[in-house]
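J.: build me a model from this:
(one chain, ligands or ions: 1)
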Amino acid sequence: MTGGAYILVALSFALATGIIGRSKGSSFFIWFVVGGVLLVFGLIAVFCFRFEKDEPERRCPRCGTVQKLYVQVCRRCGEDLYLPDPSDVRPGRGRA
Ligand SMILES: [Zn+2]
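T.: Next up, the predicted model:
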């Protein structure tokens, strides 16, 4: 494999990994670097990596269970959870 082809492949993995990382709420740049260095392993890592700690949370209006913001149906009572009242949203328990 020539150097130019390697750079193209590395860039492709870096971009894909960075975009996935960003869509999961993490840093595009960090995952761009990870993907560029680890290639397919970086891509696998970003697929497996869970960013749940950083997800904002809100409380179910019916049963009071704390849910992640992206959860659309309450896991306990089945209540439909649409756009929450902003006052109910709070940051996740992750490091700020
Ligand atoms: Zn509920």
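J.: what sits closest to I19 if chain neighbours are left out?
T.: F28 (7.1 Å; C-beta to C-beta, 6 or more residues apart in numbering). In short, each C-beta sits where N, CA and C put it, glycine included.
J.: contacting residues for the one you found?
T.: 18-19, 21-22 (C-beta atoms under 8 Å, 6 or more residues apart in numbering).
J.: what's the distance between it and V73?
T.: As judged by C-beta to C-beta, to the nearest Å, F28 and V73 stand 30 Å apart.
J.: picking that back up, mind checking how far the residue nearest to I19 is from F47?
T.: Distance from F28 to F47, by C-beta to C-beta: 16 Å.
J.: and I7, by the same measure?
T.: 23 Å.
J.: the protein: strands as residue ranges?
T.: Secondary structure of the chain by DSSP state E: the strands cover 57-59, 66-68.
J.: tell me if I'm right that V73 and Q67 touch.
T.: No - the criterion here is C-beta atoms under 8 Å, and V73 misses it with Q67 at 9.1 Å.
J.: so which of the contacts of F28 are in helices?
T.: Secondary structure assignment by DSSP state H places 18-19, 21-22 of the contacts of F28 in helices.
J.: what about the closest residue in space to Q67 that isn't next to it in sequence, how many neighbours?
T.: Among residues not flanking Q67 along the chain, C60 sits closest, at 5.8 Å (C-beta to C-beta, 6+ apart). Residues contacting C60 under the criterion other C-beta atoms under 10 Å number 20.
J.: same thing with P61?
T.: Count around P61 with other C-beta under 10 Å applied: 13.
J.: for it, give me the pLDDT.
T.: On pLDDT, P61 comes in at 87.
J.: how far away is it from the ion?
T.: 8 Å (C-beta to the ion, to the nearest Å).
J.: repeat for E57
T.: For E57 relative to the ion (C-beta to the ion), the value is 13 Å.
J.: my read: that residue touches K68, true?
T.: Yes - E57 lies in contact with K68 (C-beta under 8 Å); the separation is 5.9 Å.
J.: higher neighbour count, these two?
T.: Taking neighbours as other C-beta under 10 Å, E57 and K68 compare with E57 leading, 17 against 13.
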